[in-house]
Structures are given as structure tokens and as C-alpha cells.
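Undergrad: My questions concern the predicted model and sequence given below.
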Amino acid sequence: MKSNPLILGAGPAGLACAHELCANGIQPLVMDKNEQAGGLCRTLEFEGSLFDIGGHRFISKSREVNELWRRILGPDLLLVKRKSRIYYRDRFFNYPLNLLNATTTLGFTESVRCLASYLFSRWSKAGDDSHFEGWMTRRFGKRLYEIFFKTYTEKVWGIPCRELSSDWAVQRIQSLSLGKAVLKAFGSFGPTPKTLSEEFLYPRLGPGLFCDRWKNLCEESGTEFLMNCRAEEIRREGNRITEVTAAGPGGELRVNPVSHLFSSIPITLLIQKMKPLPPPEVLEASRQLKFRSFMVVNLIFDQKNIFPDNWIYVHSPGIRAGRIQNYKNWSMEMVSNPDWTTLGVEYFVNEGEGLWNFSNEDMIQLALMELEEMGLVAPARYVKGFVVKIANVYPVYSPEYQKHLNTIRNFVENIENLSLMGREGLFRYDNSDHAILTGLYAARNYMGKNPQDVWSVNTEKAHLEEWTAESA
């Protein structure tokens, strides 16, 4: 029985793959567990207002991706001035760093200590480069590392920085240095690192606008989408995937023959859903790879202005939230009432543990309490809210993750009709522009057109990313 290529996941990678196949006369079948396409880039409607699943800046060094965004969104792609700050021990620091602001906020004595610590680290070259803490301390000094990196990073990953591989720093921070931040603070000229970008593109109605339009274009070209449909079993014979059994919205099972499988679902789940199961060492490697999950408490307040930032990073260890989005400051059209403000209070969690098990009402009360503790907004101004939980969002770069990933990669690369792509599919902490590129490359590799290594996307030394947990 002849079958079309099957794509698991309708996030940026899956949409890009479908788009590229359709452009070359191939009509794939796309399957996604959610009702709406876009993955983490969905935009959710609640009480007439729009909410992202975390913040999604549209900023990329890829000309192809930038042209794609502009072609699909046209005048609905806004240029937004960036404003973000760091909250640390009852104080707000501008980010990107501003020398005068940082010095004034830290105070003279602490500023001198930070400078001395930085100079000592550069002179002594002390620190173990194999883990995140050592890598950062060598380049920024212990005091700056502890203020601007340690607490937030441990919130995101849920493990001590000494247990986080320095691969994450190399990938996400790379050649960013205190010197570049200081030069930027003094208004130096020359190329600006992406981490220090002061403006970005953003869809007028959130990233979901882009994903919805892209899905519609794919459908017009012949792509079939099965939404609310979750892969349950991936059948293989030897070195080929033969079929995927999926459960529909009512629990009904559907068996889909497979000529070629493109997967952006978590690589760990892909391995564990295979029948027959892969060899024991591959299965064990999939159990050793861990993802960090994500919760966002979305809140509406009957207050016109709360704070001027697009988002705030929360570095204070006494606050459990990691980041706060102010959707109104991304686009005014995200809010149904101009006299209201909508916030997204983000928490990084482990699925099935701690905050993940809180009721929605308890999470809302926690977020309201923490916003009040930070002096941002009083709970009395709260109108309504809802909670979003997303599992398997951030690949955890533990010290031995690369060994486990290589074990899995060696296995899947011997399956001749399987292509992996996307953040979860490749177990690589990439942004949406990188996910798009991996989807495009996976489709082109399948068609034999200008083959590219999807695993090498976002490894170029010139490419800088936000050191914090940006989603796009």
C-alpha cells in the first residue's frame, strides 16, 4: 500500500518540513497531539486576549528564515523595541547590561568586588571548563556569575550548575563576554551580538498567527493535518519504519502506513514507542536523557500599566518564578481591553513533581503572591487567569548527555526512512528559527537536494543566543 511521508509534530520544524515537501510536489501527512499547530509557538486565546507559551522573539541570522517570516506575515510583522530587566534581591537591573545602571544598582562596594573577581578570573584562569559553573566563572568571575547567571540557570534546569554541561554555555553564550557588554553599554559601534539586540520582530497577534497561516498554506498545497492525534506505537521491521499507530481525540486508534517518517517529538519518546523495542543500551540511553518541563500562569489585571518591560528575568532565589512576560508590551493587540494588562508568570519544573502537581488555582495564587512580593502588581487588580503545562520543553545538558545521545543517534541513523528534526527531536536547545531550518534541511535531505547535517544547526561560532531560557 502506497503511503505519503508522515510528519510527527506540527511545531516550527514539522511545518517547515511540510512546507518544503509541498513546494516540491510531495503531500505529507502531519500528526500532532494538540488541537492547534505551532508547538511552543502557539498563541492561546482567553477572554478575548492572546497569550504566548513563553516569549517568542522573531530574530535570526538566517536570511532564509527572515524572508519566510516576512513573506507569510507581511505588514503583520511588527518591529518591537526591546526592554527587559533582571530582578535580583529586590532590585532591577537593565538587560542588556548598562554599565551605569548596573554599577548604581549594585552599589560601589559590590561593583568593585565584581570587577576584582572578574579580573582575578581572567588572570588566574581558574575553573573547570567541563561544567557550566566553571565555564562561566572563568569568563565572568565568581561574583558576576552568582548574580547574573547561577540562580536563574538553576531555576531553568533544576540541577546545580556544577551538574550542567558547559556545552549549553558554549552553544548559547559562545563569544559573549563582559567586555562586549561593557562596550555596548558605552555605545560602541560595530556588529552587535544577537544577545544584545535592542529590537526584534513579532507577529501582530502573536507567533500563533504565523503558524496558523503557515499551516493553511500547507493545506492549500495538499498537506493533510491530523490534530488531537497522538502517536502510540511506531512499528519497525529491521532498519525501516513501517507504520505508526495513533490515538485520535476520542481515543480511536488509526494505523498509518509509513514510507518515510519525519519526527520532531521528543527523541526519548520516539525510542520508547518503537516496536519491537530498540536494543537495551539504546533504551537505557533514552531513559537517561531528561527534559525540563514548563508552566506558565497567565493572568489578566484591570490595570493599564504595570511595568514597561517586554519581560523580566527573576534571579532572586526566594521567588520560584523564572520569568514574567508582559504581552501588551509585545503587541498592543494581544490585549482585548487597552485598560487591562496581561502577564505570563513562568515556572520551570519537572513533569510529575512539585509545582507540576499544584492545582490551577494554587498556581494562580502563587503567581499573584510573587508578583506582589516583587512590588509589581497587587492581587486586588486580578481579574481572571489560566495555567498552561507543557512537558519535555528544555533538553537537560547533564554531564553525560552527549554519550547517551550518541548511543541513540548511532541507532536511529541506521534506520533508512527516519529523519529527526526540531528541538525535542534532536535533543538540542534551539530556538524556533533553528527548528525551522532543521525541518527544511530534513525535507531536502529526503529529496536529495543539497544535503545538510541537521545536527549541526546552531553550532556556528559566529551565532550568539540569549543566555537565558529564550524560546524563540
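TA: Perfect, thanks for sending it. Keep in mind the model is a prediction, meaning the values are calculated, not measured. Residues are numbered from 1 along each chain as shown.
Undergrad: in the protein, which helix or strand is least confident?
TA: When the helices and strands of the chain are compared on mean pLDDT, DSSP states H and E, helix 178-185 comes out lowest with a mean of 48.
Undergrad: Strands of the stretch 101-250 of the chain, start to end?
TA: 199-203, 224-226, 230-237, 240-247 (DSSP state E, counting those that start in this stretch).
Undergrad: ok, and which of these has the densest surroundings?
TA: Neighbour counts (mean count of other Cβ atoms under 10 Å) averaged over each of the strands of the stretch 101-250 of the chain peak at strand 199-203, with a mean of 20. Where C-beta positions appear, they are placed from N, C-alpha and C, glycine not excepted.
Undergrad: Low-confidence bits of the stretch 101-250 of the chain, can you list those?
TA: 126-127, 168, 170-196 (pLDDT under 70).
Undergrad: related to what we said a few turns ago, want to throw the strands of the stretch 101-250 of the chain into TSV with distance to residue 114?
TA: Putting these into TSV (distance: least, Cβ to Cβ, whole Å) gives the following:
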stretch	distance to residue 114
strand 199-203	28
strand 224-226	52
strand 230-237	49
strand 240-247	54
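Undergrad: And those strands: which comes nearest residue 274?
TA: Each of these has some distance to residue 274 by Cβ to Cβ; the shortest is strand 230-237, at 5.0 Å.
Undergrad: tilt between the closest one and strand 240-247?
TA: Relative orientation of strand 230-237 versus strand 240-247 (axes from the mean of the first three to the mean of the last three Cα atoms, to 10 degrees): 160 degrees.
Undergrad: mind checking how far the residue nearest to residue 219 when sequence neighbours are not counted is from residue 145?
TA: Leaving out its chain neighbours, the residue that sits closest to residue 219 by Cβ to Cβ, 6 or more residues apart in numbering is residue 225, at 6.6 Å. Separation of residue 225 from residue 145 (Cβ to Cβ, to the nearest Å): 45 Å.
Undergrad: what's the answer for residue 251, then?
TA: For residue 251 relative to residue 145 (Cβ to Cβ), the value is 50 Å.
Undergrad: who has more neighbours, these two?
TA: In this view residue 251 and residue 145 are compared by other Cβ atoms under 10 Å, and residue 145 has more residues nearby, 25 against 7.
Undergrad: I'd like the distance between the closest residue to the more buried one other than its chain neighbours and residue 144.
TA: With sequence-adjacent residues excluded and distances taken as Cβ to Cβ, 6+ apart, residue 145 is closest to residue 136, at 4.6 Å. According to Cβ to Cβ, residue 136 and residue 144 sit 9 Å apart.
Undergrad: Also residue 261?
TA: 46 Å.
Undergrad: and if you look at residue 370?
TA: Distance of residue 370 to residue 144, given as Cβ to Cβ: 25 Å.
Undergrad: higher neighbour count, those two?
TA: residue 144 (24 against 20).
Undergrad: So the more buried one versus residue 317, what's the distance?
TA: The value you get for residue 144 to residue 317, if Cβ to Cβ is used, is 16 Å.
Undergrad: Then residue 335?
TA: 31 Å.
Undergrad: And those two? Which one has more around it.
TA: residue 335 (21 against 13).
Undergrad: So that one sits against residue 49, correct?
TA: Yes - contact criterion Cβ atoms under 8 Å: residue 335 and residue 49 qualify, at 5.2 Å.
Undergrad: shared neighbours of those two, which are they?
TA: 327, 342 (Cβ atoms under 8 Å, 6 or more residues apart in numbering).
Undergrad: Let me know the next secondary structure element after the helix or strand containing residue 424.
TA: In the assignment (DSSP states H and E), residue 424 maps to helix 422-426. Downstream of helix 422-426, the first helix or strand assigned by DSSP H and E is helix 432-447.
Undergrad: quick one: that following helix to chain centroid distance?
TA: Relative to the chain's own centre, helix 432-447 is displaced by 17 Å; criterion: Cα atoms, centre = their mean, to the nearest Å.
Undergrad: So which bits of it are buried?
TA: 432-446 (16 or more other Cβ atoms under 10 Å).
Undergrad: How about stretch 197-214?
TA: Neighbour-count burial for stretch 197-214 [16+ other Cβ under 10 Å]: 200-212, 214.
Undergrad: Check whether residue 86 sits in a helix, strand or coil.
TA: Put simply, residue 86 is strand when judged by DSSP: H, G, I helix; E, B strand; the rest coil.
Undergrad: who's it bridged to?
TA: Counting by DSSP bridges, residue 86 is bridged to residue 93, residue 313.
Undergrad: so how many other residues sit close to it?
TA: 21.
Undergrad: For it, list the residues it contacts.
TA: Applying Cβ under 8 Å, 6+ apart, the residues near residue 86 are 92, 93, 94, 95, 148, 152, 312, 313, 315.
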